[in-house]
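[1] Got a sequence here, can you build the structure:
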Amino acid sequence: MNKTMSGWGNGLLGVLIFSGSLPATRVAVMGFDPVFLTGARATLAGLLAGVLVLAFRARRPRRQDLFALVIVALGVVVGFPLLTALALEHVTSAHSIVFVGLLPLATAVFGVLRGGERPRPAFWLFSIAGSALVVGFAFSQGMTASPLGDLLMLGAILVCGLGYAEGATLSRRMGGWQVICWALLLSLPVMLVVTLVALPGGFRAPDVPAWIGLGYVTVFSMLVGFVFWYRGLALGGTVAVGQLQLLQPFFGLALAALLLGETVTGGMLAVTIAVVACVAGAKAFAGRPQVAKARVPAE
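    Residues are numbered from 1 along each chain as shown. Just a heads-up that it's a prediction; the model follows:
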């Protein structure tokens with residue numbers, strides 16, 4: 001299998017895993033405080049990352065890579081989980097999943113700014129059109145779902161796109177699982193303190209579904225998904241493979257309906273289909289990334 005096909009395959013696996021993140025977070029915040037949830041998932045995932053680093057004797061990151069790892073940590077370990085957990089106190093997971101339609105554009109922008117990729121001009125027309133559809137959908141709802149929830153989701157998308165692009169660049173020289181493991185380990189001291197401080201007084205036992213949600217976002221959303229996702233971005237290019245994120249609303253909406261019994265409206269489905277159509281056009285003009293020939297360490 002060539003690098004491009006391997007990149008798309010790894011990227012698709014990552015998207016499938018991430019598709020369960022928002023529904024799982026929605027379930028988890030029914031039993032856990034959002035700040036505690038953010039700290040707990042990062043702390044537990046950081047401990048697992050430490051086991052992996054020790055077991056496989058992963059090479060320590062170079063000093064010049066530390067700043068990029070901090071950006072990854074702030075984007076995908078702290079920023080996105082916290083902002084989405086806060087947002088899901090105000091909106092349903094089905095509503096929030098539509099905002100995933102902005103992720104390919106955010107990832108592409110940061111892929112250009114931080115990764116040096118150069119898609120063709122037509123790519124931006126399709127990407128902006130897709131993003132406009134998503135934003136237009138939010139406003140068509142009269143923002144009645146929750147203006148605060150929607151703003152939190154927009155912030156989550158921005159920091160996540162930056163974390164994706166930065167991690168993809170690092171993965172080309174470090175490897176996907178090493179990037180997310182070291183980002184988690186860098187975050188571990190702070191997130192452990194956050195977890196302890198946010199621990200509710202008179203801690204009550206959450207329901208089983210909340211524990212399952214916490215387990216999913218810890219193991220899969222914070223760790224396993226990134227192993228495949230960062231490797232996919234590194235092999236296939238951040239701008240091109242990043243477009244796979246537009247499949248995530250389909251999977252996520254299905255999970256929200258099947259597992260949470262949430263209502264998926266015709267408008268949600270229509271805007272998702274329209275956005276995916278735009279991304280299909282964007283993919284055709286993504287071009288070959290200038291950094292695609294960079295060496296990817298074996299994982």
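
[2] Please make it C-alpha for all contacts and neighbour counts, starting now.
    Fine.

[3] need the contact list for residue 9.
    The contact partners of residue 9, by CA atoms under 8 Å, 6 or more residues apart in numbering, come to residue 232.

[4] right, and the helix or strand after the lowest-mean-pLDDT helix or strand in the chain?
    Least confident helix or strand, the chain: helix 93-97 with a mean of 72, by mean pLDDT, DSSP states H and E. Using DSSP states H and E, the helix or strand that follows helix 93-97 in sequence is helix 103-115.

[5] Give the other helices and strands that that next one contacts.
    helix 121-140, helix 147-174, helix 238-241 (3 or more CA pairs under 8 Å, 6 or more residues apart in numbering; DSSP states H and E).

[6] What's the mean pLDDT across the first one?
    The reference is to helix 121-140. Averaging pLDDT along helix 121-140 gives 80.

[7] Off-centre distance for it?
    The chain centroid and the centroid of helix 121-140 are separated by 19 Å under CA atoms, centre = their mean, to the nearest Å.

[8] Residues touching it, excluding its own?
    98-99, 101-102, 104-105, 150, 267-268, 271-272, 274-276, 278-279, 281-286.

[9] Dump it to PDB, keeping only the CA atoms.
    The C-alpha atoms that make up helix 121-140 are tabulated as PDB, following Å, rounded to 0.1, in the frame of the first residue of the first chain:
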ATOM      1  CA  PRO A 121      -7.300  28.400  -5.200                       C
ATOM      2  CA  ALA A 122     -10.400  26.400  -6.100                       C
ATOM      3  CA  PHE A 123      -9.900  24.400  -2.900                       C
ATOM      4  CA  TRP A 124     -10.700  27.400  -0.800                       C
ATOM      5  CA  LEU A 125     -13.900  28.200  -2.700                       C
ATOM      6  CA  PHE A 126     -15.300  24.700  -1.900                       C
ATOM      7  CA  SER A 127     -14.000  24.800   1.700                       C
ATOM      8  CA  ILE A 128     -15.400  28.300   2.400                       C
ATOM      9  CA  ALA A 129     -18.700  27.300   0.800                       C
ATOM     10  CA  GLY A 130     -19.000  24.200   3.100                       C
ATOM     11  CA  SER A 131     -18.100  26.300   6.100                       C
ATOM     12  CA  ALA A 132     -20.700  28.900   5.200                       C
ATOM     13  CA  LEU A 133     -23.300  26.200   5.000                       C
ATOM     14  CA  VAL A 134     -22.500  25.100   8.500                       C
ATOM     15  CA  VAL A 135     -22.600  28.600   9.900                       C
ATOM     16  CA  GLY A 136     -25.700  29.400   8.000                       C
ATOM     17  CA  PHE A 137     -27.400  26.400   9.500                       C
ATOM     18  CA  ALA A 138     -26.600  27.600  13.000                       C
ATOM     19  CA  PHE A 139     -28.100  31.000  12.300                       C
ATOM     20  CA  SER A 140     -31.100  29.400  10.500                       C
END
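
[10] Strands of this protein, residue ranges please.
    Secondary structure of the chain, counting by DSSP state E: no strands present.

[11] quick one: low-confidence parts of it?
    Scanning the chain for pLDDT under 70 picks out the ranges 1, 94, 138-139, 141-145, 201-204, 260, 287-299.

[12] could you pull out the helices for the stretch 151-299 of the chain?
    176-198, 208-216, 225-236, 238-241, 248-260, 266-284 (DSSP state H, counting those that start in this stretch).

[13] tell me which strands and helices the longest one is in contact with?
    Pointing back at helix 176-198 there. In this structure, helix 176-198 packs against helix 34-55, helix 66-72, helix 147-174, helix 225-236, with contacts taken as 3+ CA pairs under 8 Å, 6+ apart.

[14] To residue 14, which of the ones you listed lies closest?
    Closest to residue 14 of the helices and strands packed on helix 176-198, according to CA to CA: helix 225-236, at 4.6 Å.

[15] Show me what the closest one is packed against.
    helix 3-18, helix 147-174, helix 176-198.

[16] Report the central residue of this structure.
    In the chain, the centroid-proximal residue (CA atoms, centre = their mean) is residue 160; its distance is 5.7 Å.
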